[in-house]
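Visitor: structure for the following, please:
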Amino acid sequence: MPEPVVLRLVRHDGQVLVTYGRTLVYCFAADDLGMRNLAIVALTDAGRRVDEVARVFGLTATYVSMLRGQARREGSAGLVRRRGRPPKLSDRQVGQARAWAGQGWTQQSIGDRLGVAQSVISELLARLGPAPEQQVLPTPAPRTAEDSPEDSADGVAGEPVATGPEATGPAPVVRGRESVLVPAGRGGRVTAVVTGSTRIGSGTFACRYAGAMLLHPYLDRVGAEQVFASLTGGPARRFDDVAVLTTATLGFALGIDTVEGSKHLRRGEAGPVVGIAVMPELKTLRTRLAALADGADPLGLQRAFAAGMLSADPAADPVYFVDDHFVPYAGARPVAKGWNTKRRHAQPGRDDTLVVDARGRAVVFGSGEPSGLSSTLPAVLTQLRQVLGPDPKVLLGFDRGGAYPGAFRACRQAGAHWVTYRRAPLVEATVAPRRSWTTRGGQRVYVMLADEIVQLTGYGPARQLTLFEHGLPVLQVLTSDTAATGASMVCWLRARWRIENMFKYAAEHNGIDTLADYRMDLAPDPRKVSNPARVAARKLLAAAQADLIAAERALPQLLAGPHTPKQMNAALPTVHRRIEKATAALQDAKTALRPIPAKIAATDLDPDARRARPRLERRGLQMVLRLLAFNAEAWLAEHLNAYLADPNEYRAILRHLLHLGGHIDYTNTAITITLDRPDSPRVARALQLLT
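Guide: The predicted structure follows:
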């Protein structure tokens, strides 16, 4: 009988042999998928069934059919797929990037033009280098009026070139997405000379963030330029200190949480918002902000901005709210722990103490390790007095976290009145409640209050207001202001939620909770911790007390038991000796406990105990810029809502308006901003009335 002719596949020594009967059809390496796919398609084209070929090669019939379809559409290239990540730039784009780098373009500009990250261009130029710059041709002879504009030597063909009297000033030359100013040459010709600064002199720029220009009036009112000029970060080649600080401020206003978030902004379009052709790239912005922060006094800067804000737009009411804001830390450094009120447990973090006025504007702040409001309040109150001066009246409102005699005394020493809730439990009012009223929003507000003077331990006399609802006391308010009406004090304290709203809004939209710097100082931990020796001694004391109680309980049990007098008399000496022994053991336990301190230094318990303390200079400067952005947005929102009349959504509407596109026209005497019209007619009308 003849041997059957079948298709077989044999693997041997890293090779794959495909035979048809006694004939070797294919031989290829086992890891060569391209040859395998070619063999599969060739066998099916030779008449072998798809399911037979799939069974021999250990594949599915569906996959073999897909290979045949790819071969019909793309030929052999469809069967040999390039493995790994595809290149981000084609060969033509690589040549363009090298040529532009040789012409002096920045890596970020090249990346923006080609649609890739700056790191891709950096790696490419480090590997291949920029293309050699073409030799500059001699300047051609002046052309006559008959010369066609397409043959002009003034820049790029088809690009508008300034002529006439206005051509003697600076003219913009567009390089990709980056615009720089160069001086005009003789006869109005533009000479391509890259300047050492990106400050805009004149030109028109399309900007998708043109709406953020609405914040500049507030920055001018508070004197931001003069305050920023007090900082110095060393010599700068392209971006001056004011430009860097303003870029970060408006970036926080546009919604970036961190400095790293600036990479999501279009540099060529965000730059004209702060008067520069292109905003600094991420590395430059981070480095310059760090240099500015290392020699800055963040609290002094915030006081300067607060003084400018209150001078330009004084507060109508002398009421200020202060509260602590805990910011958790999720890193591995041994940071001090604090109480997280949101999660109701202790965890590592830092503590910010902020003061806002009655309109919710941030005034001053302090930052440090977690502690109580009664500990941090005196420092921020001192800053507030430096901003306001020693004479203006101040009513400081805070919650129960600061309702301690120490905080009350600090307010009295600073010449400020205070109002807060009384800590539980409530005390019984000694006077009958009476109706009190005040005016809020043009309407009278009536409340039932029991108004009296009480003595506070560690402080002295204070005014106590007990609020009654339906004939029952619901809360008690303590204050040092005896002249104002009781209803106004209660209403102001209820308005303390304005600072909570500020925390929530600024954390969500201005990133006041984000970590700005990883640097920390490690030092021995000086904090006091529970002494394990005292804990053990207290356990021994508790055990001795329990033994004494059991010994004393045994005596009445013996006397009341069913024993005969003779049995009781025989057992009494043993019971008395047990009581005497337990009493002596209790006395020894008390004597041993007395000299043991309740708390000891952490280093005494563990010599290697360390505490990480964040360096607050860099984060403090960013905090100042974030609060400046928050106040600028709040100021603009108040003015917009005067025409919009939408108290529920006006802040959200304004945030969208900051991203409104348009054109910015710079001249030597004025800056003209043309904003795109919003889609909503009522928003467009309010914006038109505002501008």
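Visitor: for Gly255, which non-adjacent residue is closest in space?
Guide: Once flanking residues are discounted, Gly255 sits nearest to His509: 6.1 Å by Cβ to Cβ, 6 or more residues apart in numbering. C-beta: built from backbone N, CA, C; applies to glycine.
Visitor: no no, Thr457
Guide: Per Cβ to Cβ, 6+ apart, closest to Thr457 is Pro405, 6.7 Å.
Visitor: okay but that neighbour is in contact with Gln455, surely?
Guide: No - using Cβ atoms under 8 Å, Pro405 is not in contact with Gln455, being 11.3 Å away.
Visitor: quick one, which of these two is more surrounded?
Guide: Neighbour totals were compared for Pro405 and Gln455, and Pro405 leads with 14 against 9 (other Cβ atoms under 10 Å).
Visitor: please identify the helix or strand for Ala516.
Guide: Using DSSP states H and E, Ala516 sits in no helix or strand.
Visitor: and it, how close does it get to Ala46?
Guide: 69 Å (Cβ to Cβ, to the nearest Å).
Visitor: count the residues that sit near Leu605.
Guide: Counted with other Cβ under 10 Å, Leu605 comes out at 14.
Visitor: now it: how far from Asp525?
Guide: Here the distance between Leu605 and Asp525 works out to 9 Å (Cβ to Cβ).
Visitor: how about the strands in the stretch 101-250 of the chain?
Guide: Ranges of strands in the stretch 101-250 of the chain, per DSSP state E, counting those that start in this stretch, are 171-175, 178-182, 203-207.
Visitor: where in this protein is pLDDT low?
Guide: Of all residues in the chain, those with pLDDT under 70 make up the ranges 1-4, 81-85, 132-197.
Visitor: hmm, 80 instead?
Guide: Within the chain, the stretches with pLDDT under 80 are 1-5, 76-87, 91-92, 102-104, 126, 129-198, 234-237, 517-518.
Visitor: isn't the residue nearest to Gly255 right next to Leu254, touching?
Guide: No - assessed by Cβ under 8 Å, His509 is found out of contact with Leu254, at 9.8 Å.
Visitor: my guess is Ala304 meets Val227, correct?
Guide: Yes - between Ala304 and Val227 there is a contact at 4.8 Å, judged by Cβ under 8 Å.
Visitor: returning to what we had before: contact partners for the residue nearest to Thr457?
Guide: Pro405 is in contact with 456-459, counting by Cβ atoms under 8 Å, 6 or more residues apart in numbering.
Visitor: among the residues you listed, which are in helices?
Guide: For the contacts of Pro405, not one is inside helices, with DSSP state H as the criterion.
Visitor: the helices in the stretch 101-250 of the chain, which residues?
Guide: 107-114, 118-128, 216-221, 224-229, 241-253 (DSSP state H, counting those that start in this stretch).
Visitor: pull the residues that contact the fourth one.
Guide: Read it as helix 224-229. Taking Cβ under 8 Å, 6+ apart as the rule, helix 224-229 contacts 219, 241-242, 245-246, 249, 301, 304-305, 308, 628.
Visitor: tell me which two in those are the farthest apart.
Guide: Longest distance between any two of those is 18.1 Å, between Asp241 and Gly308; criterion Cβ to Cβ.
Visitor: and the residue nearest to Thr457, how far from Trp339?
Guide: Applying Cβ to Cβ, the value for Pro405 to Trp339 is 21 Å.
Visitor: just Asp323 next, same as before
Guide: Between Asp323 and Trp339 the computed distance is 14 Å (Cβ to Cβ).
Visitor: more neighbours: the two, which one.
Guide: Taking other Cβ under 10 Å, Asp323 and Trp339 do not tie; Asp323 has more neighbours (22 against 16).
Visitor: give me the phi and psi angles of the nearest residue to that one once chain neighbours are set aside.
Guide: Among residues not flanking Asp323 along the chain, Ile499 sits closest, at 5.0 Å (Cβ to Cβ, 6+ apart). Taking degrees, to the nearest 10, you get phi -70, psi -30 for the backbone angles of Ile499.
Visitor: use 508 as the first number from now on
Guide: Sure, I'll start counting at 508 from here, so that last one is Ile1006.
Visitor: in the stretch 1058-1198 of the chain, which spans are strands?
Guide: 1106-1108, 1117-1121, 1169-1173, 1178-1182.
Visitor: closest one to Val894 among those strands?
Guide: Val894 lies closest to strand 1117-1121 among those, at 25.3 Å (Cβ to Cβ).
Visitor: and for that closest one, what's in contact with it?
Guide: Under Cβ under 8 Å, 6+ apart, the answer for strand 1117-1121 is 840-843, 857, 876, 1024, 1026-1034, 1109.
Visitor: what number of residues lie near Glu581?
Guide: 11.
Visitor: show me what the helix or strand hosting Met955 is packed up against.
Guide: In the assignment (DSSP H and E), Met955 maps to strand 950-963. When contacts are defined as 3 or more Cβ pairs under 8 Å, 6 or more residues apart in numbering; DSSP states H and E, strand 950-963 sits against strand 941-947, strand 967-976, strand 979-986, helix 993-1001.
Visitor: which elements pack onto the last one?
Guide: Identification of packing neighbours for helix 993-1001 by 3+ Cβ pairs under 8 Å, 6+ apart yields strand 902-904, strand 924-928, strand 941-947, strand 950-963, strand 967-976, strand 979-986.
Visitor: and the first one, what does it pack onto?
Guide: Just to be clear, that refers to strand 902-904. In terms of contacts (3+ Cβ pairs under 8 Å, 6+ apart), strand 902-904 is packed against strand 826-835, strand 924-928, helix 993-1001.
Visitor: between those, which one is closest to Phe1010.
Guide: Of all those, strand 826-835 sits nearest to Phe1010, with 5.1 Å by Cβ to Cβ.
Visitor: before we move on, the earlier item: can I get the strands of the stretch 1058-1198 of the chain in TSV including distance to Leu1048 and mean neighbour count?
Guide: Output for those, formatted as TSV (distance: least, Cβ to Cβ, whole Å; neighbours: other Cβ atoms under 10 Å):
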stretch	distance to Leu1048	mean neighbour count
strand 1106-1108	18	14
strand 1117-1121	32	18
strand 1169-1173	77	18
strand 1178-1182	76	15
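Visitor: how about these in a markdown table, adding distance to Gly948?
Guide: Formatted as a markdown table, the strands of the stretch 1058-1198 of the chain follow (distance: least, Cβ to Cβ, whole Å):
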| stretch | distance to Gly948 |
| --- | --- |
| strand 1106-1108 | 51 |
| strand 1117-1121 | 43 |
| strand 1169-1173 | 36 |
| strand 1178-1182 | 33 |
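Visitor: so which of these gets nearest Val997?
Guide: Between the strands of the stretch 1058-1198 of the chain, strand 1117-1121 lies closest to Val997; by Cβ to Cβ that is 38.9 Å.
Visitor: related to what we said a few turns ago, just the buried ones from the contacts of Pro912?
Guide: Tyr966 (16 or more other Cβ atoms under 10 Å).
Visitor: output the contacts of Pro912 as CSV; include the columns distance to Val780.
Guide: Below are the contacts of Pro912 laid out as CSV (distance: Cβ to Cβ, whole Å):
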residue, distance to Val780
Leu963, 53
Thr964, 57
Gly965, 53
Tyr966, 51
